[in-house]
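Visitor: what's the 3D shape of this:
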Amino acid sequence: MTEDAVSIRRLAGVALVTGICVAALAAVAALLTGSFGEIDTRVILTSLGFSLFSATASAGAAARLRPSERVQMLGTATMVLSITAFGLLFAGLWGDTDDWGPEGLWRAFGCLGVSAVAGSHACVTLGPLRPSDTELIRLLSLSAVGLAVFDAFAVILPLAEIVEDIDDPWPRIFGASLVLLVLTTILPPLLRRMQPTAQPARSANGNRGGADEFLATAVIRIADKIEVLNGDPGNRAPEIQAEVNRLRKLAQSFEN
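Guide: Numbers count the residues shown, from 1 in each chain. Next up is the predicted model:
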C-alpha cells in the first residue's frame, strides 16, 4: 500500500466519522429540545449522505492507484458517480427542485446512488486481486461483481420507470442474488488469508521455478501490511518489527 493509498484511507475515515458525528449531534440536539423539525432531518440526511458517498468515492480513488487500467477507469467512474449523487442529494434537500420536479430529482439521485455503491463494491472486490490468488478466488470475485451489477440494475430499472410491473418470481430471484452477493464478497478475503505461504519450487536444473513471481508477491503483501500498521495511530512497533523480520527471513531463503 502506497503513501497515497494510506492518505486516502485516512481521509475516508475522517469523512465517515465526521458525517456520522454531525448526524448524531443533530439528532441528540433535536431530541433534547423536543423539536425534531425539517431542518434537523435535512442536516441528518446530508451528514449521512456525505459519509456514504465519501466512502464510495474513496474506494474509487484507491482503485485509481491500482496497476490495472480497467480498475483505474472503474475508480474514476465511481468517484464521478459518488460526487454527482451527493450533489443531487444536497440539491434535493436544500435547493429549489421546481426545475427538475421533486420526483425526477429523487429518481435520478436513487439511480446514481445505487450505481456509486455498486461501483465502490467492484473497486473493493477487484482491487485486492493478486497474481498469487487461486482461480477460485478470482472466480468468486468476478461473480461478486456480476451479482452486484445484476442487483444494481434490478433496483435502477424500477427507479427509472423503465420497468413498472415486477411480478413473481423476480422478487425471489433478487433476494437469492443478494444472498449470493454477500457470500461471494466475503469468501475471497477469507480464502486469501487461508492460503499457505508457498515456498518457491526448484526446477530440475536447480533454479527456482517462479521465484521472481513468488518474491514479488510476498514482498508486496508484507509491504502492504507494514504501510497499514505504520498508518495506525496506535503503537504498532512490535507488529511492524515482526513484518520486518519476515522480510529478512524471506531474503535469507532466497540466498540458500
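
Visitor: The protein: strands as residue ranges?
Guide: 201-202, 208-209 (DSSP state E).

Visitor: Just give me how far the longest helix along the chain sits from the chain centre.
Guide: In the chain, taking DSSP state H as the definition, the longest helix is helix 3-33. Computed by C-alpha atoms, centre = their mean, to the nearest Å, the chain-centroid distance of helix 3-33 equals 17 Å.

Visitor: Could you count how many residues lie near the residue lying closest to residue 22 once chain neighbours are set aside?
Guide: The shortest distance from residue 22 to any non-neighbouring residue, by C-beta to C-beta, 6 or more residues apart in numbering, is to residue 47 (4.1 Å). No exception for glycine: its C-beta is placed from N, CA and C like everyone else's. If you count neighbours by other C-beta atoms under 10 Å, residue 47 ends up with 20.

Visitor: Surely residue 47 is in contact with residue 17?
Guide: No. Using C-beta atoms under 8 Å, residue 47 is not in contact with residue 17, being 11.0 Å away.

Visitor: For burial, what's the neighbour tally of residue 79?
Guide: For residue 79, using other C-beta under 10 Å, the count is 23.

Visitor: so it touches residue 57, yeah?
Guide: Yes. With contact defined as C-beta under 8 Å, residue 79 reaches residue 57; the gap is 4.9 Å.

Visitor: What about the closest residue to residue 58 other than its chain neighbours, how many residues nearby?
Guide: Excluding the flanking residues, the one nearest residue 58 by C-beta to C-beta, 6+ apart is residue 12, at 3.4 Å. Around residue 12 there are 19 other residues, counting by other C-beta under 10 Å.

Visitor: In contact with residue 12, which residues?
Guide: Neighbouring residues of residue 12 by C-beta atoms under 8 Å, 6 or more residues apart in numbering: 54, 55, 58, 59.
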